[in-house]
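Visitor: Predicted model and sequence below, questions to follow.
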Amino acid sequence: MRGVQDGSKGESHAIDIAMAFLHLLASQISLRLVNFGLNLLIARHLSPEAYGLSTVRFHLLITTIMMLSREGLRKGCQRFKSDKVQQRGISHVDPWRVLSVAGLVVPIGILVAVCVCTAAVWLHSPAADAIPAYEQAVVIHGVAAVVELLGEPFYILATVELQFRLRVVMDTLPLTVKALVTLACVAGWAGPTLASLPPALIFSIAQLSLAVASCLGYWIAGTRMLRTWSREAGMEGHVLKGTGSSSRQDDLAGREKDGDGEFGSSEALIGERGSAGDLRG
């Protein structure tokens, strides 16, 4: 019977993972389509040089910082999946163990961002001198990378816990926010002040908005995950405590019952011996 229940739970868990994977795939496809349409609208308001600044130079800057800061920890923290424990019939990983390791991404990211941004400012090509506010844009992109890495520990925790629905939302929301902010600035919807900024600063503001949206989203979802885990752990501890106390009470009751039985049997034996002595007399 227990084997049948375990098999049904395993099948339901596999179905949940498959459905979550399909949701993730569908969200990625829809995200690419939406961003493609928004990028087409953005490109209509920019020159080829300005558009290439965002899609090539600044994209390479952000990608380099992120890859050097988090990819190693993302791969390494996947090993925590083998340390899952059963909690109320569900497999969980101790989130504090994961976060204690994943939190190293923040100091590593700060160091990498400083080095990469310094190299981008001091070792840039002569063509970058003609870009207005290029150095300020590089610095803002470095700050945006660090802000985005502040939510990386909760991303790693969600990945270890197979929280695909959270990734569906967080893969879609920040990129959409970035595209909308960029479009609002270049099209003049955000006011003449932002529309008059150089394209490098507009792209920097958009990247910073993406970082803030990603960081806030993962922190909100991460705190909820920790509260849920703590609540379930507390309930499980209460159940185990209650089970232990009830078992101790059962042991005491059993011992008292055995003691009463032994005492009754000894009284009966003494009565039998007394009756036998009377007969002999």
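Guide: Looks like it arrived, so ask away.

Visitor: So, low pLDDT: which residues of the protein?
Guide: 1-14, 16-17, 20, 23, 81-92, 127, 233-281 (pLDDT under 70).

Visitor: So which residues of it form strands?
Guide: 85-87, 90-92 (DSSP state E).

Visitor: my guess is C77 meets S100, correct?
Guide: No - with contact defined as Cβ atoms under 8 Å, C77 does not count as touching S100 (10.4 Å). All C-beta atoms are positioned from the backbone trio N, CA, C, and that covers glycine.

Visitor: contacting residues around G188?
Guide: Contacts for G188 were tallied using Cβ atoms under 8 Å, 6 or more residues apart in numbering; they are A195.

Visitor: tally of neighbours for G76?
Guide: 13 (other Cβ atoms under 10 Å).

Visitor: picking up where we left off before, so between C77 and S100, which is more surrounded?
Guide: Ranked by neighbour count (other Cβ under 10 Å), C77 and S100 place C77 first, with 23 against 11.

Visitor: so what's the backbone phi/psi at D94?
Guide: Here is the backbone geometry of D94 (degrees, to the nearest 10): phi -60, psi 110.

Visitor: L104 too?
Guide: phi -70, psi -10.

Visitor: The stretch 51-200 of the chain: helices as residue ranges?
Guide: 59-76, 95-102, 105-122, 134-149, 152-160, 164-186, 192-195, 199-280 (DSSP state H, counting those that start in this stretch).

Visitor: out of those, which comes closest to M19?
Guide: Each of the helices of the stretch 51-200 of the chain was scored for nearness to M19 using Cβ to Cβ, and the closest is helix 164-186 (8.6 Å).

Visitor: Who are the packing partners of that closest one?
Guide: helix 2-44, helix 152-160, helix 192-195, helix 199-280 (3 or more Cβ pairs under 8 Å, 6 or more residues apart in numbering; DSSP states H and E).

Visitor: export the shortest one as CSV, just CAs?
Guide: Translated: helix 192-195. C-alpha atoms of helix 192-195 as CSV (Å, rounded to 0.1, in the frame of the first residue of the first chain):
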residue,chain,number,x,y,z
PRO,A,192,11.2,66.2,-22.3
THR,A,193,13.9,66.0,-19.6
LEU,A,194,14.5,62.2,-20.0
ALA,A,195,14.0,62.4,-23.8
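
Visitor: List the buried residues of it.
Guide: L194 (16 or more other Cβ atoms under 10 Å).

Visitor: List of residues touching it?
Guide: 184-188, 202, 205.

Visitor: try 7 Å this time
Guide: Outside of helix 192-195, the residues within contact range by Cβ atoms under 7 Å, 6 or more residues apart in numbering are 185, 188.

Visitor: same check, this time on stretch 155-165
Guide: For stretch 155-165, using Cβ under 7 Å, 6+ apart, the contacting residues are 17, 20-21, 23-24, 73-74, 77-78, 80-81, 93, 95, 98-99, 102, 166-167, 218, 221-222, 225.
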